[in-house]
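how does the following fold in three dimensions:
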Amino acid sequence: MAFVKTSEKSNEPVEVGKAVETQVEGEIREFVRRDVATLRRQHEQDSEMVASNIGNLLQRVAGTSVKEIDKLVAELQTLREMLQNEGARVQREIVEYASLSQAAMQSTRIIAESLTSWKKIPDAPSMRHD
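Predicted structure coming up:
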């Protein structure tokens with residue numbers, strides 16, 4: 001209970017009614033609500049700032065990762081092109097080798113046939129004088 005003076009002439013304390021207490025309690029509640037609301041707004045702003053910072057960090061990390069992946073893809077494409085070129089070169093050399101091998105076999109066959117035909121020709125009488 002609270003006591004207050006009602007006038008200067010009278011020194012008797014008068015009990016403050018329930019209405020005043022209710023008013024004070026209401027003001028305290030309102031103060032607490034405003035304070036809590038302010039804290040919540042600040043907490044939400046802090047949360048948004050943290051989320052934004054995390055988002056920025058993730059973008060930087062993801063950006064770096066994406067750049068690295070792009071670089072690796074470019075290197076792999078270069079290696080693929082090099083391997084395709086080397087494969088084509090090896091294939092050309094195999095074709096050239098096969099062609100050369102066939103030509104060598106054909107030449108060998110011609111030489112062998114020529115030698116066989118020479119053996120079939122009888123020896124000419126020699127011009128020896130005994």
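
where do the strands of the chain begin and end?
Ranges of strands in the chain, per DSSP state E, are 3-5, 13-15.

how close does residue 20 get to residue 56?
53 Å (CB to CB, to the nearest Å). The C-beta positions use only the backbone N, C-alpha and C, and glycine is treated the same way.

also residue 95?
Taken as CB to CB, the span from residue 95 to residue 56 is 58 Å.

again, but for residue 68
19 Å.

ok, now residue 78?
Distance, residue 78 to residue 56, by CB to CB: 33 Å.

swap in residue 86?
As judged by CB to CB, residue 86 and residue 56 stand 45 Å apart.

same question for residue 70.
The value you get for residue 70 to residue 56, if CB to CB is used, is 21 Å.

now stretch 99-107: average pLDDT?
Averaged over stretch 99-107, pLDDT sits at 96.

for it, C-alpha coordinates in CSV please.
Extracted C-alpha coordinates of stretch 99-107, given in CSV (Å, rounded to 0.1, in the frame of the first residue of the first chain):
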residue,chain,number,x,y,z
SER,A,99,51.3,-48.3,-96.1
LEU,A,100,55.0,-48.4,-95.8
SER,A,101,54.8,-52.0,-94.6
GLN,A,102,52.6,-53.0,-97.6
ALA,A,103,55.0,-51.3,-100.0
ALA,A,104,58.0,-53.2,-98.4
MET,A,105,56.1,-56.5,-98.6
GLN,A,106,55.2,-55.8,-102.3
SER,A,107,58.8,-55.0,-103.1
